[in-house]
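> Return a 3D structure for these sequence lines:
(chains A, B and C)
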Amino acid sequence: MESLVYIALFAPLVSSLFSALFAMSQKREFVGMVASSLIFISFASSAILATEIASSGHGIHVVMMDWISAGALSIPFGFMVDQVSVTMMVVVTLVSTVVHIYSMGYMDHDKSYNRFFSYLSAFVFSMMVLVMSDNFAGLFIGWEGVGVCSWLLIGFWYHKADVSREENPSISPSWAANEAFIMNRIADLGMLIGIFIIYWNVGSLQYDVVFSALPELSGSVLNSAAIALFIGAMGKSAQFPLHTWLTDAMEGPTPVSALIHAATMVTAGVFLVIRANPLFALTPEVSFFIASLGTFVAFFAASMALVNRDLKRIIAFSTLSQLGYMFAAAGLGAYWIALFHLAAHAFFKALLFLGAGNVMHAMDDELDIFKMGGLKKSMRWTYIYMGLASLALAGIPFFAGYFSKDAIIETAWNESHTLLWFILVFTAGMTAFYSFRQVFLTFEGDERYKKYNIHPHEMYKYVLVAMSPLAILAVIAGFFQGSFEHFVTHLLPEYHMSEDTHHIAWFLGLVVLVFAVGGIALAYKKYAKGLKRDYRVEDSPIYQLLANQYYIPLMYEKFITKPYAKYSDIFWNQIDVKIVDALVDGIAKFVYKSGDKARVVQTGNLSNYLNWMGVGAVVLMVLATLSALA
Amino acid sequence: MIETIAFYLFSVLSIGLFSVTVLSKNVLYAMTSLASGMVLISGFFFLLGADFLGVVQLIVYVGAVMALYSFAMMFFDMTRDIKEKNTNQARVFLLGGLSALMLVLIFAAPIHSNEVAALYPIHEGMGNAQDVGIVLFTKYLVPFEVAAIMLLVAMIAGIILAGKKMDQSLTEDTSSDDILIQKDTK
Amino acid sequence: MITLTHYLVVSALIFSIGLVGVLRRRNLLMLFFATEVMLNSVNIAFAAISHYYNDLTGQMFAFFIIAIAASEVAVGLGLLILLYKRYGTLDLDGLSNMRG
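A predicted model of the protein is given here:
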């Protein structure tokens, strides 16, 4: 059993290191194959571990070695595979395997093929460390690791130059990568402060020790720790105001978006809240704030997706929105529901992204859905996949999203937060609308791409086959809700709807369904027959506001980045160069000059040297006499 | 009484003569005054009851060392005056004066310890030469032998440094070597 | 009464005179003369201390100093000869090859 844990953990690392050997060479087919096989091995181990834990009911704890052991501080490299972490492990490795195989097809024309697999596998490894760790420090290591790998992968095409914001809102891959990393770093400060607060008050960072010590801590300590940790989660899961990086991260290759920004890294924040649920359960105000923020973000992101033209950006906004849902569930105390939605969402969102990648690959990397249309003729399977995923996303009954999203909305009603409930319901309608707007504009209607001389073709067969597990799970995952609840509530607190909610559950579900179907119908009416541009609507202020992401990126640039850059320049040129460097150089120059002056003594003239000897002797005699007298 | 007069006489004369040594521009004058000064130093030694030392001073210093210097003077052909650059007289005399002052102050201070125990006490009965001989050949035997070796080395060094045609042997007949060498090159 | 102090003062004075000569002289041979003066002054001091403390150690030391001075003169003059052959002059100021 323990060896399975190590295999699941280290197989991605081996894959990454193996691919790194070939990073500087040309594309080699076997690099992709070896990487994908190793990730599949990791998935198989995780699956076996999951069945093992399901049957035995308790987790597996291994301690690899002592890492820090200094005085009272002891942090080992330990890994805990329990119901929560094994769920994450299975999700992560499954999606990673599919994405790896997909990348073999998607990146086949890229000259940095090998490097891509190295980074991708390194990311999987970091994510595994994050979810499998048994203490906050290991979590933080994985946290930082996924941040770094995300930076590497978003900026994969680093050679693309910066362009203006009008041409490309993300300016360039390197810029987007930096933005993602820096925003994550800002949030990581909060995370670190949270970890420090926990350590200072509890004396250990092990989960079991911390959670058992929580009831004894004072309210203010708990609140501050919860807020600080949540700030860290905000950065990683792109909650407002640290959300702009997620849409800009679409500059990276599509498999990266599928893996990182749909299924794994962005869910790390939710995972943290779920993992630390004893802490958040003890701080109801903070939890309510999390739920409210999640709801707000759900609505906020969905509103921006309504008018966007970029294929991947729509899906990115949808991720942001669904993350809001997950946080809403976690904030309201329904942790297992949040985890369930996390898993289901991973499947259909990854499928959506991979489908979008297929479309991009076929359309020569064209992203504007206004330039697509009618692709269902040439890309049958991609149409089916994306349709299934969108159905799941919209929450149509019997697809996976229906069970998970409805559970969250029901939770909001259960907790008597009517405003939150209504916003979530309305957002569900918006979600249905924009996802099907995207599907219809891309696949149905008139073939607008013909104008641009693009000849689309379907993706390779093996890639489509690889995407099928995700499609199947997007359809059937919802039916496992019951057994999943039973499985995971061994560890997580149970959450049942109250009697009242149970009675009107069918009614609540109907309300959501009405909104969802209404959204789809509206999208069908507007876009199924093709694109009709309505410039009056497009120029209206609300439309412009949404299309420019509420001008938030612009404000960040104007009020934060530019002044900061100015101050950095001042600090560099005025202070660092003029003062610090001058000081250090000054010391060197002083030594040099004094040596130069002292060189006068060396005349090579014996008489001079004897003179100096005489002077020295006299000085010593004077000193000796004076010290003898004193 | 005699001792006092002798002391003052010797000291004034030696100081005067040594002043001539260091201040004169003529090599011959300097050398002559040096030799004379050394004779007077030997007089000091006799005054202090160090007979053996006095005799050694006369033989070695005045005899051998001064002879060496005379040969050197002749070799370097310095009978004419040496033009000495204008050194900074003030600095030199200041330094010398200061050092003189310091040393005199140090030595004139009544800080002689009375606790010093003689390591090799002088025996009143026998003469100084015997006394020195006993100590020299028993207690100071090793330094004596080492000094002998040092003198040998100095002698050889002096010969090598100053000698001419040192690569040819004075005892062996090496004239046939040239014929042999010539035969090889033919 | 002539005490040890008198002798030591005389020795000090002669030493300073020698020092002045060493510092002043530009001709190497004259420099050697001044060195001899200094050595002799030290001998006086040793002999005086030996006399007034009734110890033979001082005389032994003076003895060895004489021996060393003799060999030093021999080797020094040999070197002087070589120097003269090489540079043709014994003037200190012209021999600043080791100028830094």
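> use CA for all of it now, contacts and neighbours both
OK.
> How about A:M1, nearest residue that isn't a chain neighbour?
Sequence neighbours aside, A:L49 is the residue nearest to A:M1 in space, at 7.5 Å (criterion: CA to CA, 6 or more residues apart in numbering or on different chains).
> burial count for the one you found?
26 (other CA atoms under 10 Å in any protein chain shown).
> Also A:R380?
A:R380 - counted by other CA under 10 Å - has 13 other residues nearby.
> Same question for B:A147.
17.
> Would you pull up the residue in chain B closest to chain A?
Nearest residue of chain B to chain A (CA to the nearest CA) works out as B:S99 at 5.5 Å.
> and the one helix or strand that residue maps to with chain C, contact?
Secondary structure assignment for B:S99, by DSSP states H and E: helix B:89-108. Yes. Applying CA under 8 Å from any CA of the partner chain, one finds helix B:89-108 touching chain C at B:89, B:92-93, B:95-97, B:99-100, B:103-104, B:107-108.
> what comes into contact with that helix?
Residues from elsewhere that reach helix B:89-108 (CA atoms under 8 Å, 6 or more residues apart in numbering or on different chains): A:611, A:614-615, A:618, A:621-622, A:625, C:5-6, C:8-9, C:12-13, C:15-17, C:19-20, C:23-24.
> ok, now with 6 Å
Contacts with helix B:89-108, where a contact means CA atoms under 6 Å, 6 or more residues apart in numbering or on different chains, come from A:618, C:5, C:9, C:12-13, C:16, C:20.
> after that helix comes which helix or strand?
The first helix or strand that comes after helix B:89-108 along the chain, using DSSP H and E, is helix B:128-138.
> what's downstream of that next one, the next helix or strand?
In the C-terminal direction from helix B:128-138 (assignment by DSSP H and E), the next one is helix B:141-162.
> Give the other helices and strands that the lengthiest helix in chain C contacts.
Of all the segments of type helix in chain C, defined by DSSP state H, the longest one is helix C:57-87. Secondary structure elements in contact with helix C:57-87, counted by 3 or more CA pairs under 6 Å, 6 or more residues apart in numbering or on different chains; DSSP states H and E, are helix B:141-162, helix C:28-52.
> Run a quick neighbour tally on the residue of chain A found nearest chain B.
Here chain A gets closest to chain B at one residue, A:V618, 5.5 Å apart by CA to the nearest CA. For A:V618, the count of nearby residues is 20 (other CA under 10 Å).
> Check A:L510 too.
When neighbours are counted by other CA under 10 Å, A:L510 registers 12.
> Likewise for A:A617?
So A:A617, with other CA under 10 Å, has 14 neighbours.
> Tell me how far it lies from C:I65.
21 Å (CA to CA, to the nearest Å).
> Next: A:H457.
For A:H457, the distance to C:I65 under the criterion CA to CA works out to 108 Å.
> low-scoring stretches of chain B, by residue?
For chain B, applying pLDDT under 70 flags the ranges B:78-87, B:110-116, B:166, B:174-186.
> what residues does it put near chain A?
Chain B has residues B:S99 near chain A, with proximity defined as CA under 6 Å from any CA of the partner chain.
> can you pull the pLDDT of the residue lying closest to C:L28 once chain neighbours are set aside?
Counting by CA to CA, 6+ apart, C:L90 is the residue found nearest to C:L28 once chain neighbours are left out, at 5.8 Å. Looking at C:L90, its pLDDT reads 81.
> Neighbours of C:L90, how many?
Other residues lying near C:L90 total 20 when counted by other CA under 10 Å.
> Can you pull the phi and psi angles for it?
When read as degrees, to the nearest 10, the backbone of C:L90 gives phi -110, psi 10.
> that older thread, within the helices and strands, which one has the residue nearest to A:M1?
Taking DSSP H and E as the definition, one finds A:L49 inside helix A:29-56.
> Check which residues of that helix are buried.
Burial within helix A:29-56, assessed by neighbour count using 16 or more other CA atoms under 10 Å in any protein chain shown, is assigned to A:31-32, A:34-50, A:53-54.
> A:G482 - how many residues pack around it?
Burial measure for A:G482: 9 neighbouring residues, criterion other CA under 10 Å.
> So it: helix, strand or coil?
Following DSSP: H, G, I helix; E, B strand; the rest coil, A:G482 is assigned to helix.
> Okay, it and A:P241: tell me how far apart.
As judged by CA to CA, A:G482 and A:P241 stand 35 Å apart.
> count of neighbours near whatever residue of chain A ends up closest to chain C?
Across chain A, no residue is closer to chain C than A:G604, which sits at 3.9 Å (CA to the nearest CA). Residue crowding around A:G604 was assessed by other CA under 10 Å; the count is 17.
> And B:Y69, by the same measure?
Residues within reach of B:Y69, counting by other CA under 10 Å, total 18.
> Could you confirm it falls within a helix?
Yes. Read with three-state DSSP, B:Y69 is one of the residues of a helix.
> Can you tell me how far it is from A:A338?
Summarising the geometry, the distance separating B:Y69 from A:A338, computed by CA to CA, is 109 Å.
> cool, and A:P255?
Taking CA to CA as the measure, A:P255 and A:A338 are separated by 24 Å.
> Got the confidence number for residue 45?
Defaulting to chain A. In this prediction, A:S45 carries a pLDDT score of 93.
> Correction: the question concerned chain C.
pLDDT, the model's per-residue confidence, is 93 for C:A45.
> Point out where chain C drops to low pLDDT.
Those would be C:100, if you go by pLDDT under 70 across chain C.
> got a list of contacts for stretch A:344-362?
With CA under 6 Å, 6+ apart as the contact definition, stretch A:344-362 has outside contacts at A:254, A:258, A:262-263, A:366, A:382, A:386, A:389, A:456-457, A:459, A:470, A:474.
> Could you do stretch C:51-61 as well?
In this structure, residues lying in contact with stretch C:51-61 by CA under 6 Å, 6+ apart are B:118, B:120-122, C:46-47, C:50.
> Write out the residues of chain B neighbouring chain C.
Going by CA under 6 Å from any CA, the residues of chain B near chain C are B:22, B:96, B:100, B:103-104, B:108, B:118, B:120-122, B:151, B:154, B:158, B:161-162.
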